[in-house]
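Visitor: Please find the sequence and the predicted model below.
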Amino acid sequence: GGKFALPPLGEAEPEHGLSALTAVTPLDGRYGRQVKGLRGLVSEYGLIRFRVLAEVRWLQTLSETAGVPEVPTFGEDATAVLERIATGFSVADAQLVKDKERVTNHDVKAVEYVIKQMMVDSGVEELATAMEFTHFACTSEDVNNLAHALMLQSTLEHEVLPAMDELVAGLEGLAKELAAVPMLSRTHGQTASPTTVGKELAVFVHRLRRQREAVAAVELRGKMAGAVGNYNAHLSAYPDVDWPAVAENFVQRLGLTHAGCVTQIEPHDYMAELFDAIARFNTILIDFDRDVWGYISVGYFKQRVVAGEVGSSTMPHKVNPIDFENSEGNAGVANAMLGHLATKLPISRWQRDLTDSTVIRNLGVGLGHSLLAYKSAMRGVGKLEVNEERLAEDLDAAWETLAEPVQTVMRRYGLETPYEQLKALTRGKTVSPEDMRAFIDAQDLPEDAKARLAKMTPATYVGNAKDQADNL
């Protein structure tokens, strides 16, 4: 009857290698397969790889700068070596950097030393001669800010935007397919003027599409202006070179927008813009997830059953909306991280403090959970089947919703107190088709207006909902 024994912890715990079972975060464990495309982009390896790219491109830029004769234009052999280093940097190469970092206790300096060693090992004399111009006039943040911008550039292009596009396209296809399927609306949870399933999905297509464009429109920025942003070291060595122009051209050739007036760091304002835009997309997705969850709950949608899946460990009948719940949960986790990044990164004491360094290493966490949310929602959308019988049942029980068109037509033809008459007939009451048609027949309306209203049902009173979905 005593306490159960627990396994030993601390020093007694055996060493475990990193695997899906021992990973601390679910992005590298349970969900690793779904976000594996991020591993070469926002991991430690990805950061080192893009640092190397920035360092090599800066050295090549110096070789093309007429005012820096000590770094002549590189020949064919030197260029080939530098290209291999810049574009072929492997995980094994990155391990050399980590090994060097254990000695230097400085990550960017370790990158510099490894690049220099590769240049020497190449046997190309002009690279050995130019070796000390690696990291020339740079502060670590010149390299880091460019690496982070390049990480984001590649991650947006290859992972985030394609996943957003796939989700929006999937919703658009479903919206058009269900454009004409009538559905009872609910405002404040109560019956309201009918719509169509497709139109309500179209609302989310418009909203998500707009935020996707906002994400794509954010300018990714970079600087190469030295220790405090004034080109102090550059000008001390080569006072006649137009360093701001050299830096601007260099940054633009990387596909980034040049940040001209800075401190030691690029101030990360663009990152705040980007993460806020992604978070808005995610917030709209949470709204969608919850709406579809509700529609499934009331039977408007069925979910295709996947053979072998279990919905509950004790209730065999369950087919739970787990994809939308997973999407909602991951979008929430993503937004928590993205929100912190957006509010913290633009703040740095004086010309620079180090608080951004540890925080910015988590940008992959916010993007990874965002991707999980998009993929989960897309899986859920792929399982949806509309239940037209259930939709029709709710519509046929909501004849009170025709109070709106009837009182509106009565207003047009000048009848007295139309709103109040319909309120007395319908508010808080069950209204049958016969009740509504008898009321219409008793009104002093033109015969064509009466006939149009008498023909109307909750299922046909949908305005231009179908057109809105068709015209996406």
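Guide: Thanks, I have the structure now.
Visitor: Against which helices or strands is the helix or strand L174 falls within packed?
Guide: Here L174 sits within helix 161-177, counting by DSSP states H and E. Judged by 3 or more Cβ pairs under 8 Å, 6 or more residues apart in numbering; DSSP states H and E, helix 161-177 is in contact with helix 197-217, helix 269-297, helix 363-383, helix 465-470. Every residue, glycine included, has its C-beta placed from N, CA and C.
Visitor: so of these, which one's packed in deepest?
Guide: Ranked by mean neighbour count, the helices and strands packed on helix 161-177 are led by helix 363-383 with a mean of 23 (mean count of other Cβ atoms under 10 Å).
Visitor: tell me the mean pLDDT for that one?
Guide: Average pLDDT, helix 363-383: 97.
Visitor: what's the angle from that helix to helix 197-217?
Guide: Relative orientation of helix 363-383 versus helix 197-217 (axes from the mean of the first three to the mean of the last three Cα atoms, to 10 degrees): 160 degrees.
Visitor: Doesn't E266 belong to a strand?
Guide: No. Counting by DSSP: H, G, I helix; E, B strand; the rest coil, one finds E266 to be coil, located in no strand.
Visitor: What number of residues are in the vicinity of it?
Guide: Number of residues near E266 (other Cβ atoms under 10 Å) recorded here: 27.
Visitor: ok, G40 touching L47?
Guide: No. Checked against Cβ atoms under 8 Å, the pair G40 and L47 is beyond contact range at 10.7 Å.
Visitor: Looking at these two, which one has more neighbours?
Guide: When neighbours are counted by other Cβ under 10 Å, L47 comes out ahead of the other of G40 and L47, with 23 against 14.
Visitor: The more buried one: what's it in contact with?
Guide: 147-148, 151, 361 (Cβ atoms under 8 Å, 6 or more residues apart in numbering).
Visitor: related to what we said a few turns ago, so which of the helices and strands packed on helix 161-177 comes closest to S122?
Guide: helix 363-383 (32.1 Å; Cβ to Cβ).
Visitor: just how off-centre is that closest one within its chain?
Guide: 8 Å (Cα atoms, centre = their mean, to the nearest Å).
Visitor: the inter-axis angle of it versus helix 161-177?
Guide: Put simply, helix 363-383 runs at 20 degrees to helix 161-177, going by the same axes, to 10 degrees.
Visitor: Tell me the helix or strand right after helix 363-383.
Guide: strand 384-386.
Visitor: So what angle separates the directions of the helix or strand just after that next one and helix 269-297?
Guide: Per DSSP H and E, strand 384-386 leads on to helix 388-396 as the next helix or strand towards the C-terminus. In terms of direction (the same axes, to 10 degrees), helix 388-396 departs from helix 269-297 by 90 degrees.
Visitor: can you tell me which of the helices and strands packed on helix 161-177 comes nearest to L96?
Guide: Closest approach to L96 among these (Cβ to Cβ): helix 363-383, 22.3 Å.
Visitor: Show me what the closest one packs onto, helices and strands only.
Guide: helix 140-155, helix 161-177, helix 269-297, helix 322-344.
Visitor: thinking again about what came up before, could you point out which of the helices and strands packed on helix 161-177 sits nearest E101?
Guide: Ranking the helices and strands packed on helix 161-177 by their distance to E101 (criterion: Cβ to Cβ) puts helix 363-383 first, at 19.4 Å.
Visitor: May I have that closest one as PDB, with CA atoms only?
Guide: Only the C-alpha atoms of helix 363-383 are listed here, as PDB (Å, rounded to 0.1, in the frame of the first residue of the first chain):
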ATOM      1  CA  LEU A 363      12.500  31.500 -34.500                       C
ATOM      2  CA  GLY A 364      12.400  28.000 -35.900                       C
ATOM      3  CA  VAL A 365      10.100  27.000 -33.000                       C
ATOM      4  CA  GLY A 366       7.400  29.600 -34.000                       C
ATOM      5  CA  LEU A 367       7.700  28.700 -37.700                       C
ATOM      6  CA  GLY A 368       7.700  25.000 -37.000                       C
ATOM      7  CA  HIS A 369       4.500  25.000 -34.900                       C
ATOM      8  CA  SER A 370       3.000  27.200 -37.600                       C
ATOM      9  CA  LEU A 371       3.800  24.600 -40.300                       C
ATOM     10  CA  LEU A 372       2.300  21.900 -38.100                       C
ATOM     11  CA  ALA A 373      -0.900  24.000 -37.700                       C
ATOM     12  CA  TYR A 374      -1.200  24.400 -41.500                       C
ATOM     13  CA  LYS A 375      -0.600  20.800 -42.300                       C
ATOM     14  CA  SER A 376      -3.000  19.600 -39.600                       C
ATOM     15  CA  ALA A 377      -5.700  21.900 -40.900                       C
ATOM     16  CA  MET A 378      -5.100  20.700 -44.500                       C
ATOM     17  CA  ARG A 379      -5.400  17.100 -43.400                       C
ATOM     18  CA  GLY A 380      -8.700  17.900 -41.700                       C
ATOM     19  CA  VAL A 381     -10.100  19.700 -44.700                       C
ATOM     20  CA  GLY A 382      -9.300  16.600 -46.800                       C
ATOM     21  CA  LYS A 383     -11.500  14.500 -44.600                       C
END
